[in-house]
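Novice: Mind folding the following:
(2 chains)
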Number of protein chains: 2
Amino acid sequence: MMNNAQQKANPQKLEQLVSLALQKVGVSRAEADLTANILVDADLRGIDSHGVINLYSYYIKGIQTGRINNKPEIKIVPGSPTTASVDGDNGLGFVISHKAMSETIRMAKEMGTGWTTVYNSNHCGAGAYYTLMAARENMIGILFSTGGSTVAGPGGKERMIGNNVIAFAAPGDKHGPFVLDMAPTMAIANKLHMLQWEGKSMPEGWAVDSEGRPITDPNVYFAEKGAVLPLGSTASHGVHKGFGLLLVADILTGLLSGDGGSMFRRKGAESHAFCALRIDAFPTGGGFGQLMDEMIGKLHAAPTVEGADSMKYPGEKENVTYRERSANGIPLKENVVKDLREMCGELELSMDSIWVN
Amino acid sequence: MMNNAQQKANPQKLEQLVSLALQKVGVSRAEADLTANILVDADLRGIDSHGVINLYSYYIKGIQTGRINNKPEIKIVPGSPTTASVDGDNGLGFVISHKAMSETIRMAKEMGTGWTTVYNSNHCGAGAYYTLMAARENMIGILFSTGGSTVAGPGGKERMIGNNVIAFAAPGDKHGPFVLDMAPTMAIANKLHMLQWEGKSMPEGWAVDSEGRPITDPNVYFAEKGAVLPLGSTASHGVHKGFGLLLVADILTGLLSGDGGSMFRRKGAESHAFCALRIDAFPTGGGFGQLMDEMIGKLHAAPTVEGADSMKYPGEKENVTYRERSANGIPLKENVVKDLREMCGELELSMDSIWVN
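Specialist: Numbering: from 1, shown residues only, chains lettered A, B, ... in the order given. Below is the predicted model:
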């Protein structure tokens, strides 16, 4: 069973392993534990593309090669009672983002709202995690982040802007939490990688080659440095809207943090922005959770065309997966297991104990 | 020349006429002046769909039939140093939104940021205006608003959610301001009306009929109560992202203001939310205008495919139109002139003096 593609890991034990691996490359116990919690949370929510799949190749090797600083001095510089700038000192994006969102929530508790911009950071995993920190405090949480520079502008023929992220979370009463975590583009690079592995083609409209010609073969995308298109894809389908939202994310993260955004990346790899909004800081916000439940009820009851699923709220599928995987374990794909095994070999760790029996 | 389709109005004189018309139906001088300024500003920016075209049929008649309150008592209820709820008392959306954004800016001046939610409001015209109020104060301005309930959910077959609005403005130094003012949907109803008038069909993917089947004939849309689709249009092109953004707008406006959003509209026609973010409240925000200029420069210089225009920043076309029309007058289409003339007849006003000679 040990080499089965659907082999399941115990979440707590997987988290311990991730933390130990990070400690082996010099991350402090507290920061390793935190990073492990955030990474495994993505796997629990079914966001496999942002979980332990990236641990060895991206984060561990990033630290080993000096690309990521394992002992960052993260500086929070306040600017007003509700705003701050954070210098991540090129550390792990998880640790930096958790610190920035914690500060944002602290300001919102005191003042109603908080906004933080972050520069000198790295990939922070799934944006959902940080917005959910706010939702658990009865706040609305919002995140913007720069992403990998893989996206062409309207009519463009080369990668010019990041596959930037917009995430938003809000609590419900019985239903929820609501979590939208998206890039306003046709696809993220991980999705193209997955199609490549599976030998499948991309839907039309997702990407162009380096001459700006439409392509559907992911191999061409990677071989010729193709570019993903903004959400909307074409002029008649609103590509300027997706592009506009990408620029907004750059402005709130990179420009407001002095880094210049995904087109420049002057000071560091990634920039983020965090906002928290206390729901009970609005005199009319009292029945919020109930209204959220009613809105979700309306979605579930909406008639759909034959063959279509009933409508779901953003985050619904992930909330279901979270409960299921928390109870039954996290299925790890063969390539992920292989990767973790290689990492354990190098770092002299054992992964024998992580499996659900 | 008086009946020519490209007949041009002097902006100041058109504004005076709009204000006089509103005063004739009982709006106070100050509120009529303000509304006139906002409506004509949309025409100056080339957003003809949100300007004086709607004055008679929507606002004047709305007041005459009692649908809009011409003497609203707008109440601002503070909730924290940075948040407030606004009851618009069913007044003109322009007046209510101007008041709400002014309060939002006041809070941001003092505290760094401000957030306001508004209920019991009506259509507030182009969202750009209110976000630009913030940009002129060296702030980032953000607006969300419910819109007409014309949009189906993913896989849906009936109108269930508003054609909601997201607007965002930020100042530049030499370039700018940057203004994104969009609905995360395939089209707004006004665009479908325009195609209908012109006898043109809609691009595929914009709308469905009441059975959820794709349609391209705008007549079918209006005759059979068709529904517009969220940005993305189909599952493979990210319709869940557009739909998610529509829900976010409902949450920030309708749910946070207690109104329930565009799916319920419990207390009034429209809800809005306003945010202002002081740029110099971020310690790193110092070079913001220059970074904005550099970002825009990068857009302008980006290579595009043959036949495509060079890339523009959101609001660029409107900024150019604004300068041109401020200098040379606002061209009014024949149907708009006819409408205004009818209004002037009824309200005993003369429009002879508004033309550029």
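Novice: list the helices and strands the helix ranked longest in chain A packs on?
Specialist: In terms of residue count, the longest helix belonging to chain A (DSSP state H) is helix A:93-111. In terms of contact count using 3 or more CB pairs under 8 Å, 6 or more residues apart in numbering or on different chains; DSSP states H and E, helix A:93-111 is assigned the packing partners helix A:29-44, strand A:75-80, strand A:83-87, strand A:113-121, helix A:128-135, strand A:139-145, strand A:270-278. C-beta coordinates here come from the backbone N, C-alpha and C atoms, glycine included.
Novice: Looking at these, which is nearest to chain B?
Specialist: Counting by CB to the nearest CB, chain B lies closest to strand A:75-80 out of those; the figure is 3.0 Å.
Novice: what's next to the closest one, contact-wise?
Specialist: Outside strand A:75-80, the residues that touch it by CB atoms under 8 Å, 6 or more residues apart in numbering or on different chains are A:84-87, A:89, A:99-100, A:103, A:116, B:111-113, B:278, B:280-285.
Novice: Can you name the residues of the stretch 1-150 of chain A sitting close to chain B?
Specialist: Residues of the stretch 1-150 of chain A lying near chain B by CB under 8 Å from any CB of the partner chain: A:77-85, A:111-115, A:117, A:119, A:140.
Novice: mind checking pLDDT for A:Ala189?
Specialist: In this prediction, A:Ala189 carries a pLDDT score of 89.
Novice: Could you pull up the residues touching it?
Specialist: Going by CB under 8 Å, 6+ apart, the list of residues near A:Ala189 reads A:148, A:150, A:163, A:228.
Novice: count of residues packed around A:Val336?
Specialist: A:Val336: 22 surrounding residues under other CB atoms under 10 Å in any protein chain shown.
Novice: I misspoke; the intended subject was A:Lys109.
Specialist: 15.
Novice: Check A:Pro314 too.
Specialist: 24.
Novice: To which secondary structure element is the residue lying closest to it once chain neighbours are set aside assigned?
Specialist: The shortest distance from A:Pro314 to any non-neighbouring residue, by CB to CB, 6 or more residues apart in numbering or on different chains, is to A:Leu180 (4.0 Å). Per DSSP states H and E: A:Leu180 is located in strand A:178-182.
Novice: So which elements touch that strand?
Specialist: Going by 3+ CB pairs under 8 Å, 6+ apart, strand A:178-182 lies up against helix A:128-135, strand A:165-170, helix B:239-250.
Novice: buried ones in the longest one?
Specialist: Of the residues in helix B:239-250, those buried by neighbour count under the rule 16 or more other CB atoms under 10 Å in any protein chain shown are B:239-250.
Novice: could you pick out which of the residues you listed are near chain A?
Specialist: Counting by CB under 8 Å from any CB, B:240-242, B:244-245, B:247-248, B:250 from these sit close to chain A.
Novice: got CSV for the residues you listed, with pLDDT and distance to A:Pro331 too?
Specialist: Formatted as CSV, those follow (pLDDT from 0 to 100; distance: CB to CB, whole Å):
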residue, pLDDT, distance to A:Pro331
B:His240, 97, 23
B:Lys241, 98, 26
B:Gly242, 98, 31
B:Gly244, 98, 26
B:Leu245, 98, 31
B:Leu247, 98, 30
B:Val248, 98, 31
B:Asp250, 97, 35
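Novice: Closest one to B:Asn69 out of those, please.
Specialist: B:Asp250 (23.6 Å; CB to CB).
Novice: List the residues that contact the residue nearest to that closest one when sequence neighbours are not counted.
Specialist: Sequence neighbours aside, B:Gly261 is the residue nearest to B:Asp250 in space, at 3.5 Å (criterion: CB to CB, 6+ apart). Counting by CB under 8 Å, 6+ apart, B:Gly261 touches A:291, A:295, B:146, B:162, B:250-251, B:253-255, B:271.
Novice: quick one, phi/psi of the residue most central in space within chain A?
Specialist: Central residue of chain A (CA atoms, centre = their mean): A:Ala126, 2.2 Å from the mean position. With angles defined as degrees, to the nearest 10, A:Ala126 sits at phi -80, psi 130.
Novice: okay but it is in contact with A:Met182, surely?
Specialist: No. Between A:Ala126 and A:Met182 there is no contact under CB atoms under 8 Å: 11.1 Å.
Novice: Break chain A into its domains for me.
Specialist: Using automatic domain parsing, the domain parsing of chain A gives A:1-71+A:328-357, A:72-185+A:229-314.
Novice: so which of those domains is the most packed in?
Specialist: Each of the domains of chain A was scored by mean neighbour count; the highest is domain A:72-185+A:229-314, a mean of 23, by mean count of other CB atoms under 10 Å in any protein chain shown.
Novice: Quick one: classify the residue of the stretch 201-350 of chain A found nearest chain B as helix, strand or coil.
Specialist: Closest approach between the stretch 201-350 of chain A and chain B, counting by CB to the nearest CB: A:Ala308, at 3.1 Å. Following DSSP: H, G, I helix; E, B strand; the rest coil, A:Ala308 is assigned to coil.
Novice: got a list of contacts for the one helix or strand A:Arg325 maps to?
Specialist: Under the criterion of DSSP H and E, A:Arg325 resides in helix A:316-328. Defining contact as CB under 8 Å, 6+ apart, one finds that helix A:316-328 is touched by A:8, A:11, A:43-47, A:128, A:176-177, A:179, A:296, A:331, A:356.
Novice: try stretch A:294-307
Specialist: Stretch A:294-307 has contacts (CB under 8 Å, 6+ apart) with A:172, A:175-176, A:178, A:310-313, A:316, B:153, B:155-158, B:160, B:211-213, B:247, B:250-251, B:255, B:260-261, B:263-264.
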